[in-house]
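Trainee: Need a 3D model of the sequence below.
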Amino acid sequence: MSQPKRSPRQPLYREEADRLKEEILAGSFGPPGEAFLSTRELASRQGVSLVTAQHVLVELREKRLVELRGRKYYLTYGRIDKNSPLGQRASGNSHILGLHVTNIESPFFSSLAKSAEKSARAAGYQLLVASSSYHLDREREILNLFRDVGAMGILSSPGVAPETPELYNCYPLPHVFLGRKPENALGEAVLVNNAAAARRVASHFLRENYSQFAYIGLTELDNAQDPRFAGFREGLARQGKSLPADHVLLVDPEEAQTANDAIAAFLQALPKPVAIFCFHDLIATMVLQACQKLKLPCPKAVAVAGFDNLPVSAMTTPPLTTVGYRISDMAETAVRLIIRQIETGKDQDANFYLEPSLVVRESSSKLAVVQFQSYHTRDILYKAQE
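Mentor: Next up, the predicted model:
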């Protein structure tokens, strides 16, 4: 009788690296930024040869748990304190910031990048921008790249993978989240008050006497992670209205033909008249185009509202009702926060919210009057401690 095949034993240096990883993450060697063992100290402690100890250190470096500066290794498994040995060594780095976004081709993220670059330059920093296309591995590579080129801190509009919070909680550089903060992730974030804005959209639809409602969101952001969906449904529920499961559609705007077909089928199946809230303006624009092709009058048969008040929203037919706020305020605030972290070495787990306005246009109201809002950061920005 043949014996079952056993998986080959991994090399000794990898076994040692795995054991040390657990100890490092448990804090046995001190906090991030402290000096780690030398090759000789590691060989003596683990009872291995110098060659094996060197392989172990290389493995720990590849796992981003330690970093070699000069002739010393330092712990880098989490946020590095400015006053730690590594923090003091890194204080002379070039004035570079990194910006990670999930999709640079999106008008929202491209506008955010331009505003952040302008604010960073005004503060004496260079800004490097990279896009991950919602791929976690690519996002991790980008964060490591920023670290390797000597960035002093980063801004990030993070992805939605379950591992994302751990990725940032173990990241050594100061960072500020933009637009979205992963659940259980620690740090500062500049956000739009999504839920409150969505409730205003629901109230607007109700004032316009609609009784049927629908929502179109993103496939990569399920409803459990979508505060706009939650706020819209809550706003309807407060007035005794519901959002049936078959009145919710998730699409990927990057797959244009598939998304257009899904939206057309969705519109045809919905009872009329119906008021539809979309995750952002680009989806809302696709809905308006589908209405034209299907000869569904807007807003008589289908009312539409979007989010972000992108320039295209004022040029659609009919002009689009949307939630507006100044993207430049978001970028400027985030740059100010990251520079404060860099200069003081202090951060906090706090969210800073931009309070948006509802811009009512003809896509949801025949009597709409376009009003150009005057925004002031000091009036619309506030902090909520987590």
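
Trainee: contacting residues for the nearest residue to residue 12 once chain neighbours are set aside?
Mentor: Of all residues not flanking residue 12 in the chain, residue 52 sits nearest, at 5.9 Å (CB to CB, 6 or more residues apart in numbering). For every residue, glycine as well, the C-beta is placed using N, CA and C. By CB atoms under 8 Å, 6 or more residues apart in numbering, the residues touching residue 52 are 12-13, 16, 43.

Trainee: Show me which of those are buried.
Mentor: Using 16 or more other CB atoms under 10 Å as the burial test, those include 13, 16, 43 as buried.

Trainee: Name the nearest residue to residue 16, sequence neighbours excluded.
Mentor: Residue 16 sits nearest to residue 56 (CB to CB, 6+ apart), 4.8 Å away.

Trainee: list the buried ones in the host helix or strand of the one you found?
Mentor: Assigned by DSSP states H and E, residue 56 belongs to helix 50-62. Residues of helix 50-62 classed as buried by neighbour count (16+ other CB under 10 Å): 52-53, 55-57, 59-60.

Trainee: Just give me how far it sits from the chain centre.
Mentor: 34 Å (CA atoms, centre = their mean, to the nearest Å).

Trainee: Which other helices and strands does the next helix-or-strand element following it contact?
Mentor: Later in the chain than helix 50-62, the nearest helix or strand by DSSP H and E is strand 66-69. Contacts defined by 3 or more CB pairs under 8 Å, 6 or more residues apart in numbering; DSSP states H and E place strand 66-69 against helix 50-62, strand 72-75, helix 85-89.

Trainee: and with 7 Å instead?
Mentor: helix 50-62, strand 72-75 (3 or more CB pairs under 7 Å, 6 or more residues apart in numbering; DSSP states H and E).

Trainee: Report pLDDT for residue 381.
Mentor: According to the prediction, residue 381 has pLDDT 48.

Trainee: now do residue 94
Mentor: Here the pLDDT value assigned to residue 94 is 70.

Trainee: I'd say it and residue 128 touch.
Mentor: No - Residue 94 is beyond contact range of residue 128, at 10.9 Å (criterion: CB atoms under 7 Å).

Trainee: When these two are compared, which one has more neighbours?
Mentor: Taking other CB atoms under 10 Å, residue 94 and residue 128 do not tie; residue 128 has more neighbours (17 against 10).

Trainee: in what helix or strand does residue 282 lie?
Mentor: helix 281-294.

Trainee: How far off centre is the helix or strand that that helix is followed by?
Mentor: Scanning forward in sequence from helix 281-294 by DSSP H and E, the next helix or strand is strand 302-305. In this view, strand 302-305 has its centroid 27 Å away from the chain centroid, taken as CA atoms, centre = their mean.

Trainee: Need the residues that contact strand 302-305.
Mentor: Residues outside strand 302-305 that contact it (CB atoms under 7 Å, 6 or more residues apart in numbering): 201, 205, 208, 210, 267, 273-278, 284, 287-288, 291, 296, 298, 320-322, 363-364.

Trainee: from these, which ones fall inside strands?
Mentor: Within the contacts of strand 302-305, residues falling in strands by DSSP state E are 274-278, 322.

Trainee: Mind pulling up the pLDDT for residue 220?
Mentor: pLDDT at residue 220 comes out at 82.

Trainee: and the closest residue to residue 226 other than its chain neighbours, helix, strand or coil?
Mentor: Leaving aside its sequence neighbours, residue 226 sits nearest to residue 217 (CB to CB, 6+ apart; 5.4 Å). The three-state label given to residue 217 by DSSP: H, G, I helix; E, B strand; the rest coil is strand.

Trainee: and residue 217, what does it touch?
Mentor: Applying CB under 7 Å, 6+ apart, the residues near residue 217 are 223, 226, 229, 250, 279.

Trainee: Show the average pLDDT along stretch 140-159.
Mentor: 94.

Trainee: Spit out the contact partners of residue 79.
Mentor: 32, 172.

Trainee: how does it look with 6 Å?
Mentor: If a contact means CB atoms under 6 Å, 6 or more residues apart in numbering, then residue 79 has no contacts.

Trainee: how close does the residue nearest to residue 16 sit to residue 68?
Mentor: 13 Å (CB to CB, to the nearest Å).

Trainee: cool, and residue 260?
Mentor: 52 Å.

Trainee: Assess the claim that residue 212 and residue 271 are in contact.
Mentor: Yes - using CB atoms under 6 Å, residue 212 is in contact with residue 271, at 5.0 Å.

Trainee: Return the set of residues that bridge with residue 305.
Mentor: residue 277, residue 321 (DSSP bridges).
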